[in-house]
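Chemist: Give me a 3D structure for the following:
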Amino acid sequence: MTQEPGRERRFQLDTLSLAALEWGPQQGPLILALHGWMDNAHSFAPLAPKLTDRGYRLLALEFPGHGHSDHRPQGNYYHFLDYLYDLHQLWPQLPEQPVLLLGHSMGGILGGLFASLYPERVSRLAIIEAMGPLTAEPDESLERMRAGFASRDKGFKPRGYPDLAPLVSARAAAGGLDDALARLLLQRNLHQRDGLWHWCSDPRLRTRSPWMMTDAQGEQLMSDLQADTLVVLGQNGFEGLREISAARRSWLNQPQLESITGGHHCHMESPEALARLIDRFIGVKSSEHTNLG
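Modeler: The predicted structure is shown next:
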């Protein structure tokens, strides 16, 4: 699968730097894209030409520990609150105010929370295979914290792999992807050293979160979401999202709900259908905002 490579970008935060890929005309309306857990900027590579052909500029960020971004310093882990603060630090460095904040899975969860925290910064929000933050019942808190700390105690011993094919097959199976799309994601998630393949992603990403908010906390954190919102689910995506969609609809500012062909990574499988939805949803061909606030 041949993809336009995109222009490499970096953004310096307080303690680390973030990588990003940018496609499209420098003066095109900016779409900021946020990838899912264990993915990277290539998650949006199939979508990029469909949007740039329509005149948009797409900037796909890579969260800490993912892709070519820095890992968090020793002794730190990957909590969603820290990702939100990463976005808060990033925002003043953007070339202009995005006309759309676009997120897939974890990126969709974070995009919705960020839009509620800073409603003046996000006028339009599009989330793919997400319906608000992950939550848990209050009586699960104690056991979840024990399990989270235990997962940190295990540690992760880095290892190299002589053959790329099993890694491609494993990533394809984990994401419900074909091998070509899995290979595309792995291009920014693996590097070769001493004849072996090594993960670029931080192994600490695989530790379990010791804390998860309740439904009441999640709803409150989403309560100031004012952006027009588009929710796109894959026709064969996560079934749990469909089960909670009715209850979560009010959390997401009465969103426009759509579905497209594909599974959890439907944005990679049906990029043209998604680009048409996004183009209609944005409905502009020039930047609306220059004050980043």
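Chemist: The lowest-mean-pLDDT helix or strand in the chain: what's the following helix or strand?
Modeler: For the chain, using mean pLDDT, DSSP states H and E, the weakest element among its helices and strands is helix 239-248, scoring a mean of 89. Along the chain past helix 239-248, the next helix or strand (assigned with DSSP states H and E) turns out to be strand 256-260.
Chemist: ok, back up a step: need the contact partners of the least confident helix or strand of the chain.
Modeler: Contacts with helix 239-248, where a contact means C-beta atoms under 8 Å, 6 or more residues apart in numbering, come from 129-132, 231, 233, 257. Backbone N, C-alpha and C define where each C-beta goes, glycine included.
Chemist: Can you mark which positions in stretch 176-190 are buried?
Modeler: For stretch 176-190, a neighbour-count test (16 or more other C-beta atoms under 10 Å) marks 176-177, 181-186, 188-190 as buried.
Chemist: want to throw those residues into a markdown table with pLDDT?
Modeler: Shown next, in a markdown table, are the buried residues of stretch 176-190 (pLDDT from 0 to 100):
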| residue | pLDDT |
| --- | --- |
| G176 | 91 |
| L177 | 94 |
| L181 | 97 |
| A182 | 96 |
| R183 | 96 |
| L184 | 96 |
| L185 | 96 |
| L186 | 95 |
| R188 | 96 |
| N189 | 95 |
| L190 | 94 |
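Chemist: Point out the ones among those that are inside helices.
Modeler: 181-186 (DSSP state H).
Chemist: And for R159, the neighbour number?
Modeler: 10 (other C-beta atoms under 10 Å).
Chemist: next one: G283
Modeler: As a burial measure, G283 scores 9 neighbours (other C-beta under 10 Å).
Chemist: Helices along the protein, start to end?
Modeler: With DSSP H as the criterion, the chain has helices spanning 48-52, 80-90, 106-117, 141-154, 165-175, 179-186, 215-221, 239-248, 266-269, 271-282.
Chemist: where in the stretch 51-200 of the chain is pLDDT low?
Modeler: Within the stretch 51-200 of the chain, no range satisfies pLDDT under 70.
Chemist: separation between G108 and G160?
Modeler: Per C-beta to C-beta, to the nearest Å, G108 is found 33 Å from G160.
Chemist: distance between stretch 231-250 and the chain's centre?
Modeler: On the basis of C-alpha atoms, centre = their mean, to the nearest Å, stretch 231-250 sits 17 Å off its chain's mean C-alpha point.
Chemist: So what would you say the end-to-end distance of it is?
Modeler: Start and end residues of stretch 231-250 are separated by 12 Å (C-alpha to C-alpha, to the nearest Å).
Chemist: Same list (the ones in helices among the buried residues of stretch 176-190) but as JSON lines, adding distance to S141.
Modeler: Below are those laid out as JSON lines (distance: C-beta to C-beta, whole Å):
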{"residue": "L181", "distance to S141": "37"}
{"residue": "A182", "distance to S141": "35"}
{"residue": "R183", "distance to S141": "40"}
{"residue": "L184", "distance to S141": "38"}
{"residue": "L185", "distance to S141": "33"}
{"residue": "L186", "distance to S141": "36"}
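Chemist: from those residues, which is closest to L102?
Modeler: Looking at these and their distance to L102, the nearest is L185, at 17.2 Å (C-beta to C-beta).
Chemist: I'd like to know which of the ones in helices among the buried residues of stretch 176-190 is nearest to L87.
Modeler: Ranked by distance to L87 (C-beta to C-beta), these are led by L185 at 21.7 Å.
Chemist: Excluding covalently adjacent residues, which one is nearest to that closest one?
Modeler: Spatial nearest neighbour of L185, excluding adjacent residues (C-beta to C-beta, 6 or more residues apart in numbering): H42 at 5.4 Å.
Chemist: re earlier: output the least confident helix or strand of the chain as CSV, nothing but the C-alphas.
Modeler: The C-alpha trace of helix 239-248 is given here as CSV (Å, rounded to 0.1, in the frame of the first residue of the first chain):
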residue,chain,number,x,y,z
GLU,A,239,-20.2,-3.5,20.0
GLY,A,240,-20.0,-1.8,23.4
LEU,A,241,-20.1,1.6,21.8
ARG,A,242,-23.4,0.9,20.2
GLU,A,243,-24.8,-0.4,23.5
ILE,A,244,-23.9,2.9,25.3
SER,A,245,-24.7,5.3,22.4
ALA,A,246,-28.2,6.1,23.6
ALA,A,247,-27.0,6.9,27.2
ARG,A,248,-23.9,8.8,26.0
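Chemist: one step back: can you redo the buried residues of stretch 176-190 as a markdown table with distance to A247?
Modeler: Listed next are the buried residues of stretch 176-190 as a markdown table, based on distance: C-beta to C-beta, whole Å:
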| residue | distance to A247 |
| --- | --- |
| G176 | 25 |
| L177 | 29 |
| L181 | 31 |
| A182 | 33 |
| R183 | 37 |
| L184 | 34 |
| L185 | 31 |
| L186 | 36 |
| R188 | 35 |
| N189 | 34 |
| L190 | 39 |
